[in-house]
Structure formats: structure tokens, C-alpha cells
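Peer 1: Sequence first, predicted coordinates after that:
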Amino acid sequence: SYRRFASCYHRFYKLQPEVTQSIYDQLITQLQASIKEEIQEVKKEGNLEELFSSLDRIVEEAKNQEEPAWRPSGIPEEDIRSALVPYLLKHRSYLQKVLKEKEEENRKVAESVLVGRDQIAKLQQMIQARRQAWQ
């Protein structure tokens, strides 16, 4: 504020208040121009106008979306939970399905191994019987 500016340059303000006001006005004008220039430069460097346009398009598309949007509550654990739980539940059901398929496959393989062992045992008995018959 001008009052604070004048208090910083109190002696100068007492001698020439009009000049102090003029310097203050020039300083404010230059600061505003400098700030506007910096903002424009940041907008150009960051491609912010295009990003804001993209954000507007996303907002428009989201209006037609039926499922609720993700809103941070300020508690990271709850926010991440609300975002990840549906995905993890879906993934768990997929993994359970794959597990059942693998268990079924393993059961079939185990059965074939048992059948193979039985055949090997029978062949060993036949070999043993023929060996004894031959001797």
C-alpha cells in the first residue's frame, strides 16, 4: 500500500509527498506490467492455453459420464483406497478364475501321473513275472 511505501521513505515523503506518490505509482505500474509479462511467458513456455483447453474438453466429456468422479478427500489413504479397490477387486476375480483353471489343469495332470504310475507298476509286475517265468 502507499501508506507502507511512504512509511519506508518517511523523510523523503515529508520533503516531497507528490514525488513520493509519483514514484509509488510508477513502481506499481512497472510491477504490474512485469507480472503480466511473466505470466504470459509462463503460459507460452508451459503451453498452458492448450492445456486449459484440453482440461475444458475433459470437463465437458465428464459431464456425460455415469460413474462418479474421483474426488480427493484430503486423506491420502482413503483417496487411494477409493480409486484402487474397484480395480483390485476386478483383478482378484481374474486371478481367482486363473487359479481355478490352473488347479483344474493340475488335477488333470495329477490324474494322468497316477494313471502312468499304475501302468508302470503293472509293467514292472509283468516284467517281474516274465523274468521269473524265464528263469
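Peer 2: Perfect, I can see it now.

Peer 1: Show me which helix runs longest in this protein.
Peer 2: As assigned by DSSP state H, the longest helix anywhere in the chain is helix 76-134.

Peer 1: Measure how far that helix is from the centre of its chain, please.
Peer 2: Here the centre of helix 76-134 is set off from its chain's centre by 36 Å, with C-alpha atoms, centre = their mean, to the nearest Å.

Peer 1: For it, the averaged confidence score.
Peer 2: Average pLDDT, helix 76-134: 92.

Peer 1: which strands and helices sit next to it?
Peer 2: The criterion is 3 or more C-beta pairs under 8 Å, 6 or more residues apart in numbering; DSSP states H and E, and there are no helices or strands that helix 76-134 contacts. Where you see a C-beta, it was placed from the backbone N, CA and C, and this is true even at glycine.

Peer 1: and K97, what does it touch?
Peer 2: Residues near K97 by C-beta atoms under 8 Å, 6 or more residues apart in numbering: none.

Peer 1: Let me see the domain layout of the chain.
Peer 2: Using the TED database, the domain parsing of the chain gives 1-64, 75-134.

Peer 1: how many other residues sit next to Y13?
Peer 2: Neighbour count for Y13, taken as other C-beta atoms under 10 Å: 19.

Peer 1: Right, I'll leave it there.
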